[in-house]
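Engineer: prediction below, plus the sequence it came from.
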Amino acid sequence: MVDTTGAIGVAAGMPYLWIFNWTPWSLYVNLNGWDDPKNPLKPSVAANSYYPYSDNHYPRDLSLDNGTSTSWGHTNQLVVNFKEVSQRLQYSNLEDPVATISADLYLWVFVNSVMFAQQSSLLKEVEPD
């Protein structure tokens, strides 16, 4: 995977959840009740060959039953807002797919769903509530 942020693997040994926006609109992320100050996440656009942008990453700590405002845990609450089109998608009780615990996990946000991936494998697609 191409790293467009220069930040993947921020702290050696600590896995992260990375959120990628693969939509034509700016994405506002609320994870476990916390509005990320890095909002909005830029849209995928033709100028970048539609490659998704990511600057939102959170420590992945599966020792936590429930995620916190600063960490992705085993079970999480995610709300994504596309303010340009007044669309809000809520994902309650979003569980980590627990493939490889020590590796980064990628969450691709599409217009009507999210997809988990890790390394070169797609793990599962989740529809909003």
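Structural biologist: Received the coordinates, thanks.
Engineer: how much space between the residue most central in space within the chain and residue 51?
Structural biologist: For the chain, the residue nearest the mean C-alpha position is residue 19 (2.4 Å; CA atoms, centre = their mean). With distances taken as CB to CB, to the nearest Å, residue 19 is found 15 Å from residue 51. Using the backbone N, CA and C atoms, a C-beta is placed for each residue, glycine as well.
Engineer: now residue 60
Structural biologist: When CB to CB is applied, the distance between residue 60 and residue 51 equals 23 Å.
Engineer: how long is stretch 58-70 end to end?
Structural biologist: Across its full length, stretch 58-70 reaches 7 Å between end residues, using CA to CA, to the nearest Å.
Engineer: so what pLDDT did the residue in the chain sticking out farthest from the centre get?
Structural biologist: In the chain, counting by CA atoms, centre = their mean, residue 47 sits farthest out from the average C-alpha position, at 22.1 Å. According to the prediction, residue 47 has pLDDT 75.
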